[in-house]
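[1] just a sequence and a predicted model for now, questions to come.
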Amino acid sequence: MDLLPPELRSENMRRIRSKGMKPELIVRQLAHGLGFRFRLHRADLPGKPDLVFPRHRKIIMVHGCFWHGHSDPDCVDGRRKPKSNLDYWLPKLARNRQRDAEHEAALADLGWAVLTVWECETRSTAYLAERLRAFLGPG
Ligand SMILES: [Zn+2]
């Protein structure tokens, strides 16, 4: 069964799956293809969130699994540990996670709903499109 609306099956959307496209770009194209309007990296909000949907008061953060510490046991990059300079890297990665949690809490306090999309979740665009639609609601 194909869950995607026709506009997502276009040539444009097929290119999304080409390897090497940045996860944030994939999410942007999907959200755009679903008909949502958004702003990018709004500097007046905590953490300069990646995608901001002002009309819905919703935010999507796109996180790299290694840099932001994806805790899913099935995520290879999330479990990957730096091989050297651990004294430098481990605190740095821990700070990233801490900052993400602080930004999300601050955004929630301001009344924003936040969805975090992990890099590894952008590999299945059909599934991701469904998640975006469920999160953002009727356009
Ligand atoms: Zn991951």
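    In hand now; what should we look at?

[2] now the top helix by length along the chain: average pLDDT?
    In the chain, taking DSSP state H as the definition, the longest helix is helix 86-109. For helix 86-109, the mean per-residue pLDDT is 95.

[3] output the set of residues of this protein in proximity to the ion.
    Contact residues of the chain with respect to the ion, defined by C-beta under 5 Å from the ion, are listed as Cys65, His70, Cys75, Gly78, Trp118, Cys120. (Glycine included, C-beta is placed from N, CA and C.)

[4] re earlier: what angle sits between the helix or strand just after the longest helix of the chain and helix 86-109?
    Downstream of helix 86-109, the first helix or strand assigned by DSSP states H and E is strand 113-118. Compare the direction of strand 113-118 with that of helix 86-109 by axes from the mean of the first three to the mean of the last three C-alpha atoms, to 10 degrees and you get 150 degrees.

[5] quick check: mean pLDDT across the next helix or strand after strand 113-118?
    The first helix or strand that comes after strand 113-118 along the chain, using DSSP H and E, is helix 125-136. Per-residue pLDDT values across helix 125-136 average out to 95.

[6] which elements pack onto helix 125-136?
    When contacts are defined as 3 or more C-beta pairs under 8 Å, 6 or more residues apart in numbering; DSSP states H and E, helix 125-136 packs onto helix 23-33, strand 58-63, strand 113-118.

[7] list the contacts of the residue most central in space within the chain.
    Most central in the chain under C-alpha atoms, centre = their mean is Val62, positioned 2.3 Å from the mean C-alpha point. Counting by C-beta atoms under 8 Å, 6 or more residues apart in numbering, Val62 makes contact with Pro23, Glu24, Val27, Asp50, Leu51, Thr116, Val117, Glu119, Thr122.

[8] ok, the first one to Asp44 distance?
    This points to Pro23. 24 Å (C-beta to C-beta, to the nearest Å).
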